[in-house]
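# Have a look at this fold, sequence not included:
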Ligand code: PAF
């Protein structure tokens, strides 16, 4: 695996060695787990060269403690990437990405970025769009792979590609889960064994919605809210039903579009999100 810390070297390398070869790209913030590795293996199965980036992006955190405490494990990440035969790793410092100004650009992402994560994490999606746009400029991939766990982010990146007129296919990859259903996430490393056990309530609630779609959305939401009131260890931030492509909230079943149910919770001050496509 070739490792680059500076974009100028990566850009030069990609120009000279990847001519006519398709490039697959997996952007990460490191602290890699099997969810990330499944993005890498999907990229490897579809593209000639796979580039992974590890960069904890300061502009997408709306809480400085969350940024400071974000788990980091760069040496282990490199080992994991070598094991799955990733071709190229780009692991820059903040200055290489942002140069003098560490700030987000304002994108016209529209309604898709306003609800749910957009509402509870103001500025988050502008930060994500800023860094992904910069990484796309550097890597210039044919296909980029993003996890369905961050479902709204996946849709926001699709929107970013469309408003910036890029010719990049965005592919969503299925969520990888622990045996109790908890979605794999770098943030799980901040949880104790007991917290991980408690966190099984998240997937149970999502599955309840999937298997009880004969009930109306109001009833489903009331049932879920009640589950969390009975479990003081996990705090519900939101449970919302949305139309998948627009992330518009839906209050009733009935449309012919694909929907999803999305959830955000806190366990011991660690924020976790998850969803199921219905
Ligand atoms: O999903 C993530 O890890 C991040 O939001 C991303 C896409 C790497 C941008 O920093």
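Cool, got the structure. Computed from a prediction, not measured in an experiment: that's the story for all the values here.

# residues in the stretch 51-200 of the chain within reach of the ligand, list them.
Counting by Cβ under 6 Å from any ligand atom, the residues of the stretch 51-200 of the chain lying close to the ligand are 57, 60, 128, 131, 132, 150, 153. Where you see a C-beta, it was placed from the backbone N, CA and C, and this is true even at glycine.

# residues in contact with the fourth one?
Meaning residue 131. 27, 55, 57, 59, 60, 97 (Cβ atoms under 8 Å, 6 or more residues apart in numbering).

# Under a three-state scheme, what state does it occupy?
At residue 131 the chain is in helix, as set by DSSP: H, G, I helix; E, B strand; the rest coil.

# Could you check how far it is from residue 196?
To residue 196, residue 131 is 29 Å away according to Cβ to Cβ, to the nearest Å.

# Apart from its neighbours in sequence, what residue is nearest the residue of the stretch 151-278 of the chain found nearest the ligand?
Taking Cβ to the nearest ligand atom as the measure, the stretch 151-278 of the chain has residue 153 as its residue closest to the ligand, at 5.8 Å. The shortest distance from residue 153 to any non-neighbouring residue, by Cβ to Cβ, 6 or more residues apart in numbering, is to residue 128 (5.9 Å).

# do the same with residue 150
residue 273 (7.1 Å).

# Under a three-state scheme, what state does the one you found occupy?
strand.

# and it, bridged to which residues?
residue 264 (DSSP bridges).

# pLDDT score for it?
Here, the pLDDT recorded for residue 273 equals 98.

# Now do it against residue 25, distance only.
For residue 273 relative to residue 25 (Cβ to Cβ), the value is 23 Å.

# ok, the two, which is more surrounded?
residue 25 (27 against 23; other Cβ atoms under 10 Å).

# what helix or strand does that one sit in?
strand 23-28 (DSSP states H and E).

# for the following helix or strand past that strand, what is the average pLDDT?
Counting by DSSP H and E, the next helix or strand C-terminal to strand 23-28 is helix 34-46. Averaging pLDDT along helix 34-46 gives 98.

# Check stretch 155-163 too.
For stretch 155-163, the per-residue pLDDT averages 98.

# try stretch 86-99
98.

# Now do it: distance from first to last residue.
From its first residue to its last, stretch 86-99 covers 27 Å (Cα to Cα, to the nearest Å).

# In it, which residues are buried?
86, 87, 88, 89, 90, 91, 92, 96, 97, 98 (16 or more other Cβ atoms under 10 Å).

# And the contacts of it?
1-7, 10, 13-14, 30, 40, 44, 49-55, 57-59, 74, 78, 81, 102, 131, 134-135, 138-139.

# just how off-centre is that stretch within its chain?
Centre-to-centre, stretch 86-99 and its host chain are 18 Å apart (Cα atoms, centre = their mean, to the nearest Å).

# do the same with stretch 180-191
13 Å.

# Endpoints of that stretch, how far apart?
14 Å.

# Can you tell me what sits against that stretch?
Contacts of stretch 180-191 (Cβ under 8 Å, 6+ apart): 29-35, 69-71, 73, 149, 175-178, 196-197, 199-200, 202-204, 207, 267-268, 270-272, 274.

# Could you look up the SS state of the residue nearest to residue 153?
Quick answer, by three-state DSSP: residue 128 is helix.

# isn't it right up against residue 55?
No: checked against Cβ atoms under 8 Å, the pair residue 128 and residue 55 is beyond contact range at 11.7 Å.

# Look at these two and report which has more neighbours.
residue 128 (26 against 19).

# which ones are touching that one?
57, 60, 153, 156, 157.

# How many neighbouring residues does the last one have?
A count of nearby residues for residue 157, using other Cβ under 10 Å, gives 24.

# now swap in the second one and tell me
When neighbours are defined as other Cβ under 10 Å, residue 60 has 22 of them.

# burial of the residue nearest to it when sequence neighbours are not counted, as a residue count?
Spatially, and ignoring its direct neighbours in sequence, residue 60 is nearest to residue 127 (3.1 Å; Cβ to Cβ, 6+ apart). Residue 127: 19 surrounding residues under other Cβ under 10 Å.

# go on, residue 44?
17.

# Residue 119 now?
12.

# Give the other helices and strands that whichever strand or helix holds it contacts.
According to DSSP H and E, residue 119 maps onto helix 117-120. Judged by 3 or more Cβ pairs under 8 Å, 6 or more residues apart in numbering; DSSP states H and E, helix 117-120 is in contact with helix 124-139, helix 151-163.
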